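Colleague: Quick check, what structure comes out for this input:
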Amino acid sequence: MVELVHWEHLSLELMVNFSFYFDFIYFNCFKKKNLAAAIWATGKTWWQVPPIAKVNLIGKLSPGVTGKDVIITLCGFFNKDEVLNHCIEFDGEGIAELSIDERLSIANMTTEWGALAGLFPVDEKTIQWYKNRINFLKRRG
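Modeller: Numbering: from 1, shown residues only. As a prediction, the model looks like this:
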């Protein structure tokens with residue numbers, strides 16, 4: 001079961017709490033030298049925080065269903081630009097049942113849905129994946 005909720009009020013909160021990070025990311029995305037020069041000259045930049053849509057995932061995937069199937073199904077159900085230029089926040093008890101690979105597939109394919117980005121909350125499974133990845137990179141050298 002999927003529930004789509006718009007969280008317009010979170011945009012302002014994000015802009016306040018993460019404005020440094022958005023400035024940094026936006027600055028690093030510049031391709032034109034004149035825009036970068038304007039930032040250096042004024043010390044200011046602009047970042048429009050997109051609206052946020054929340055997708056509440058409930059339950060467990062049936063055997064054989066993948067993360068790609070989930071996002072393609074969402075694209076089919078909500079195909080009237082409901083999430084166009086939004087950030088998608090995935091939430092709900094169903095996240096605990098998804099593997100990291102399934103989460104990555106879903107988040108990566110949100111752009112096919114018209115969204116700008118897809119985000120999952122950090123949980124113990126995510127932290128363990130990062131620890132395993134760090135250990136792998138240390139062993140590899």
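
Colleague: Could you use CA atoms for every contact and neighbour count after this?
Modeller: Will do.

Colleague: Point out where the protein drops to low pLDDT.
Modeller: 1-38, 46 (pLDDT under 70).

Colleague: Most remote residue from the middle of it, which is it?
Modeller: In the chain, counting by CA atoms, centre = their mean, A41 sits farthest out from the average C-alpha position, at 31.8 Å.

Colleague: What's the separation between it and Q48?
Modeller: According to CA to CA, to the nearest Å, A41 stands 21 Å off from Q48.

Colleague: do P121 as well
Modeller: P121 is 22 Å from Q48, by CA to CA.

Colleague: And F77, by the same measure?
Modeller: 28 Å.

Colleague: cool, and T73?
Modeller: For T73, the distance to Q48 equals 29 Å [CA to CA].

Colleague: Check which helices and strands the longest helix seen in the chain sits against.
Modeller: In the chain, taking DSSP state H as the definition, the longest helix is helix 124-140. When contacts are defined as 3 or more CA pairs under 8 Å, 6 or more residues apart in numbering; DSSP states H and E, helix 124-140 sits against helix 100-108.

Colleague: tell me what the helix or strand just after the helix it packs on is packed against?
Modeller: Per DSSP states H and E, the first helix or strand lying C-terminal to helix 100-108 is strand 117-119. The contact analysis (3+ CA pairs under 8 Å, 6+ apart) places strand 117-119 against strand 87-91, helix 100-108.
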